[in-house]
Each structure stands twice: as structure tokens, then as C-alpha cells.
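Participant: generate a structure from the sequence data that follows.
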Amino acid sequence: MKKEYYKDYFHHERNHWFFKARNKIITDHIREILKTKPAGETLKVLNVGVATGHTSVLLKEFGDVTSVEYDEDCYDFIKDTVPDIGLRLGTILDLDFEEKKFDLVCAFDVIEHVEEDSLAVSELKRVCKDGGNVVVTVPAFMSLWSHHDVINHHIKRYRKSEFQGLFNDDENIRYSSYFNFWLFPPVMVFRKLNNLLKITSSTAKDDEVSSDLTVMAKESFASNLIYKLFASESRRVKRFKSFPFGVSILTSWKKPA
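Facilitator: Presented below is the predicted three-dimensional model:
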């Protein structure tokens, strides 16, 4: 992919209403599950599949972050652009770390990129310390499949029960829910129409940032309103309340001590 792709994605990760709201929901949830950690303790955090690195910057709030990125071009871009996130080249399918190394293991919208999704989850669990947490997000519902998924090299989208099954031990799942609930209806309509009319797929190139991120990408009254609507879901997630459906899934798992 062209370097311009990563420049565009770098900007979107830090400014687009979708990422700002998604990251607020994720980080608020992590604060909740880490409430009982001893005061002053510095955690070891692993972030797998970091894209252009913004989630690793946000995770510094919780401890010392090690970042892993699979795509070599993206890795090179991040090394030059965000040099202080402890970046390593690697794959979620074979993490180059010893067992039980990290207190918090994260993979945000990564597992949907690999065929061996059960192996990916197993690797995240393997490198997590006893008593530690794994926090992941994936896209939901194959009925939402669109050019957005194709251009982002997704393998599949998940139902919650299907994704929970990858962990093989429901009793240790602390929270699992759909999210991006309020925007589900318009996203469904947009993607169905887009699939039918092939509006974006007929014009998009392989090195363009996902077509979904071009929707209300510039800051405006409408984009701020959408951000507030999406971000408002954080209040329910912080109370460990679930949503019946949504565009994505958030799951956190605690390794037995």
C-alpha cells in the first residue's frame, strides 16, 4: 500500500468520530476491569495489531506498553511516526513472548483478519499472566459485510456467541457484548444500499482508507452528534450491561489466578 494510506489512517485514528467513540468505550471499560489493581502498580501491557499506533498511546495510561504489528509497511511507517510505543514486528498467530508475561493483553479489530481465529485467541490467553485480562474487539454480523470489509482484508464478522466460543471457557469471560448499537440501523441500511448499488466499490482503490471512514469524516455538527451518540454507550458498558446487537463486539476475559 502507498504511504498516503497510512497517513490518512493515522489522521482518522486520532480524529474520526468512529475511532474517538470506540476508543473511549474501550478505555473506559479497561479502567473498570482494572479498578482492583494495587495503587501504584505498573502493569505490563501488550497491544497486538496496532495499525498506526494510537491505541498503544492510549494504553500507556495503564502501564508499560509493548506493541506488535504484522504488516511490514505499516510497521515501517509507525517506527518513523510513533517511535516511542515499543513496537515489534510479529503475528497474533505466533506471539514471540514467553507464557504469562503481560497483565493486560489487547487486540482491537485484529482477529477478524486471520483464518485461524481460535489460535489467535489462544495466543492472547497464553501470554496473559495469571489474574490478568485479555480485551478484544471484532466486527459483528456477516449480514453487515460490505466493501469496507473487503478493503480492510477481513476474513469474517462474528456473532457474540460464536466469538465467545473461541475462548472455550465462558466462566472466565468478564464481559461480552455488542456495541455501536445506536448506529446499527443506519449502518445496516448504508451497507445494504452500498452492496446493491456498488457506490464505493466501483470507485475505491486498494490503497484507499476504508469507504466507511469517509462518511462525515470532517468535524461538523453532525459528526459531533454521531460521536456523542456512539460514545454514550460507554455508560452502559461501564456498568457491565450488554446490548442485544451492534456493529461490533467487545469481550474481556480474565485468566484464573
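Participant: all strands of the stretch 151-257 of the chain, in order?
Facilitator: With DSSP state E, counting those that start in this stretch as the criterion, the stretch 151-257 of the chain has strands at 173-179, 248-254.
Participant: okay, now the unreliable bits of this structure?
Facilitator: In the predicted model of the chain, residues 1-3, 198-211, 215-216 satisfy pLDDT under 70.
Participant: what's opposite the residue nearest to the spatial centre of it in the beta bridge?
Facilitator: Nearest to the mean C-alpha position of the chain, by CA atoms, centre = their mean, lies residue 108 at 2.2 Å. On the basis of DSSP bridges, residue 108 is bridged to residue 137.
Participant: isn't it right next to residue 137, touching?
Facilitator: Yes. Counting by CB atoms under 8 Å, residue 108 does reach residue 137; the two are 4.9 Å apart. Where C-beta positions appear, they are placed from N, C-alpha and C, glycine not excepted.
Participant: and for the two, which residues touch both?
Facilitator: The contact sets of residue 108 and residue 137 overlap at 22, 26 (CB atoms under 8 Å, 6 or more residues apart in numbering).
Participant: sorry, back to before: what's the distance between the residue nearest to the centre of the chain and residue 31?
Facilitator: 16 Å (CB to CB, to the nearest Å).
Participant: check residue 78 too.
Facilitator: 25 Å.
Participant: those two - which one has more neighbours?
Facilitator: Between residue 78 and residue 31, counting by other CB atoms under 10 Å, residue 78 is the more crowded of the two (22 against 12).
Participant: quick check on that one: phi, psi?
Facilitator: The phi/psi pair for residue 78 (degrees, to the nearest 10) reads phi -70, psi -40.
Participant: tell me the contacts of it?
Facilitator: Contacts for residue 78 (CB under 8 Å, 6+ apart) come out as 50, 52-53, 67, 69, 85, 87.
Participant: which one of those is nearest residue 21?
Facilitator: Nearest to residue 21 among the contacts of residue 78: residue 52, at 17.6 Å, using CB to CB.
Participant: neighbours of the closest residue to that closest one other than its chain neighbours, how many?
Facilitator: Spatial nearest neighbour of residue 52, chain neighbours left out: residue 10 (4.2 Å); criterion: CB to CB, 6 or more residues apart in numbering. Burial of residue 10 is recorded as 19 neighbouring residues (other CB under 10 Å).
Participant: 26 is where my numbering starts, stick with that
Facilitator: From this message on, residue numbering opens at 26, which makes the last subject residue 35.
Participant: surely residue 122 is in contact with residue 71?
Facilitator: Yes. If you go by CB under 8 Å, residue 122 and residue 71 touch, sitting 7.2 Å apart.
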